[in-house]
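Colleague: I would like to see how this sequence folds:
(chains A and B)
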Amino acid sequence: MDSFFVRFKNPLVLIAIMVVQVVALALQVPHTSGDLPGAHADGRKVSLLRYWTVAIVSPFERATHGSGLGVRHLWSNYIALRHTHEENLELQQEIVRLRQEQESLAEDAAQGRRLQALLGFQQQYISATVAAQVIGTSGTDRSSMISIDKGYKDGLKSDQAVMTPDGVVGKVRDVWAHTAQVLLLNDATSGAGVVLSASRIRGIVRGTANGQLQIDNLTSDSRIKVGDQVVTSGGDQVFPRGLPVGAITSIAPDTQHQPYTLIAIKPYANLSRLDEVLVVTGMSNVMPLAAQKDAAQAEAAEQESQRAADLLADKLPSLPPSSTVPNSPEASQNNVGGVAGIPNSGLPRPKPPLHPDRYTPGAAPPASDLQPGAPKQPLTTNH
Amino acid sequence: MPEHSYTSRQELDQYRFHPVVTVLAPLACILVQVEAPRLWPPLALLDLPLLAVIFFALSRRSPIAGTVTGTVIGLFQDGLTNHPFGIFGIAKGFIGYCAASIGFAIDAENPINRASMVFAFSLLQSVLLYTIQHWLLGDHSFPMMPLRQLIAAAANTAVALPLFYMLDRFRIRE
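Modeller: Here you go, the predicted structure:
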């Protein structure tokens, strides 16, 4: 017996190590068949293993990132300033253009907010964010994860949304004191509730094994077009409503799951080259103070331009006044319904028919005068 | 003065490493692997920890040491991903065992042999990862992508030769 173990010592050790790992793997896989592998939260012991790994790696990542940051700072602030003046001019022009756009959108936004208030709709606003630097990746193309230099001491928690000014990036997976791992939206185990902004069709965007984004739970629909913008729906309770996700790049039938379609999406955020991200740490029903101030400014500017347009209209020649005064009894006789005192609020009264028949209004007697089985009455007209 | 006598290739070419090298070399490979794709995303195709596993297994020529080294490095790599622990652990442990076993039979100093082995083991790891994801975890969405794996294997081979040459300097003959 001893000779057997001595002779097959190497393969036996290999088999033992493999079996232990396979069993450990089986224990980590979620029991519900619908879940994707890795889509669940780790158990306590697994979290501990991950904690040790990150605890070893993150100090080196921070050190590397810090030294790299110094070099980049030196380069960007002192050496690479050749085109700064041109960039400054371009940015100023862009600010002017954006201000004009903001003024034109302010009225629509204000109207939207009024309607939401009337309907009792609870709009969620991003009230607090934490800016974080990306300090590392998972190191493999099979898992889309990044490490950031902020942790629970900075207010981060699991399942908080992570974004850039361009669009959604992913969500916080595991958090430690000074670092956190972010699961990117294009990971095979990641997903988000989305809305196609043109057609308002809701779907779920998922990552694929080769790092792409796609919606695979929608059937073919002629309203879905290439180039449509995709934004978050807010239904997943992770990503706030209305954050830009990406644009549709292709629509193809899903040959394996008919009648569904595969809608490929190009993310707005460059998920493979992330340097800085924003973690959404707070949501509120009230619009943030800065946004309120911006909205008020834009609304004031809109009103100002409206007043200027009215003044201009007064000075320009206009159509001659109508023969009928709007609020006169003569005018109200020509209208049906409407609000007293408000001109043209009712419907125009129809002219008398040239050839009346039994369908003409007023030709048939009221229903209360009719009796079952009574002979047909001759046609009566108002003339 | 006693004379050394070698009775097999294993005894002739068996090396050991200083404990600091044993720990720091794989750790450095993992750290570079984690940082490199941030600077240039296609570098995620490389697998420097795999190269460390192959190098140490070939140099030590002990299947048990190769299995343990591969498993530890693989589990460490698993900790940085969103996968369950064990995917890279199983794959790299098996490759460590195979590399150490094959190291008995061939001349592991020869650059052509080294390149061939790194290329073959890179592909073997891709097959093992696919098998684990597809059959053990039941994730049928996981694609094989043969062309991508061939490119990755070629890239690993190109990086392995200078890396092995550099690490050769830390070997101590037993």
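Colleague: check which residues of stretch A:165-177 are buried.
Modeller: Of all the residues in stretch A:165-177, those buried under the rule 16 or more other Cβ atoms under 10 Å in any protein chain shown are A:G167, A:V168, A:V169, A:G170, A:K171, A:V172, A:R173, A:D174, A:V175, A:W176. Yep, even glycine has a C-beta here, placed from its N, CA and C like the rest.
Colleague: ok, stretch A:301-319 next?
Modeller: Buried residues in stretch A:301-319 (16+ other Cβ under 10 Å): A:A301, A:E302.
Colleague: now do that stretch: distance to the chain's middle.
Modeller: 37 Å (Cα atoms, centre = their mean, to the nearest Å).
Colleague: repeat for stretch A:99-115
Modeller: On Cα atoms, centre = their mean, the centre of stretch A:99-115 falls 18 Å from the chain's centre.
Colleague: next one: stretch A:105-125
Modeller: Worked out by Cα atoms, centre = their mean, stretch A:105-125 lies 16 Å from the chain centre.
Colleague: for stretch A:82-102, same thing?
Modeller: 26 Å.
Colleague: what does it rub up against?
Modeller: Contacts to stretch A:82-102, defined as Cβ atoms under 8 Å, 6 or more residues apart in numbering or on different chains, come from residues A:D294, A:A298.
Colleague: related to what we said a few turns ago, out of the buried residues of stretch A:165-177, who's nearest A:D141?
Modeller: A:D141 lies nearest to A:G170 out of the buried residues of stretch A:165-177, by Cβ to Cβ, at 16.0 Å.
Colleague: tell me the confidence at the closest one?
Modeller: Model confidence at A:G170, given as pLDDT, is 93.
Colleague: could you confirm it falls within a strand?
Modeller: Yes: assessed by DSSP: H, G, I helix; E, B strand; the rest coil, A:G170 belongs to a strand.
Colleague: returning to what we had before: restrict the buried residues of stretch A:165-177 to those near chain B?
Modeller: Checking the buried residues of stretch A:165-177 against chain B by Cβ under 8 Å from any Cβ of the partner chain, the ones in range are A:R173.
Colleague: please name the residues that touch whichever residue of chain B sits closest to chain A.
Modeller: When scored by Cβ to the nearest Cβ, chain B has B:G79 as its residue closest to chain A, at 2.8 Å. The contact partners of B:G79, taken as Cβ under 8 Å, 6+ apart, are A:L49, A:R50, A:W52, A:T53, A:V54, B:F85.
Colleague: which residues of the chain fall in helices?
Modeller: No chain specified, so I'll use chain A. Counting by DSSP state H, chain A has helices at residues A:2-7, A:9-28, A:44-74, A:84-119, A:289-315, A:329-333.
Colleague: oops, chain B please
Modeller: B:9-12, B:19-39, B:48-60, B:63-79, B:87-105, B:111-131, B:146-168.
Colleague: now these as JSON lines including mean pLDDT?
Modeller: Listed next are the helices of chain B as JSON lines, based on pLDDT from 0 to 100:
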{"stretch": "helix B:9-12", "mean pLDDT": "55"}
{"stretch": "helix B:19-39", "mean pLDDT": "90"}
{"stretch": "helix B:48-60", "mean pLDDT": "93"}
{"stretch": "helix B:63-79", "mean pLDDT": "93"}
{"stretch": "helix B:87-105", "mean pLDDT": "92"}
{"stretch": "helix B:111-131", "mean pLDDT": "94"}
{"stretch": "helix B:146-168", "mean pLDDT": "93"}
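Colleague: can you list those helices in a markdown table and add distance to A:V162?
Modeller: As requested, the helices of chain B are arranged in a markdown table below (distance: least, Cβ to Cβ, whole Å):
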| stretch | distance to A:V162 |
| --- | --- |
| helix B:9-12 | 51 |
| helix B:19-39 | 16 |
| helix B:48-60 | 27 |
| helix B:63-79 | 20 |
| helix B:87-105 | 25 |
| helix B:111-131 | 27 |
| helix B:146-168 | 27 |
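Colleague: which one of those helices lies nearest to A:A16?
Modeller: Among these, helix B:63-79 sits nearest to A:A16 (Cβ to Cβ), with 9.4 Å.
Colleague: most neighbours among the contacts of B:G79, which one?
Modeller: Neighbour counts for the contacts of B:G79 (other Cβ atoms under 10 Å in any protein chain shown) peak at B:F85, which has 24 neighbours.
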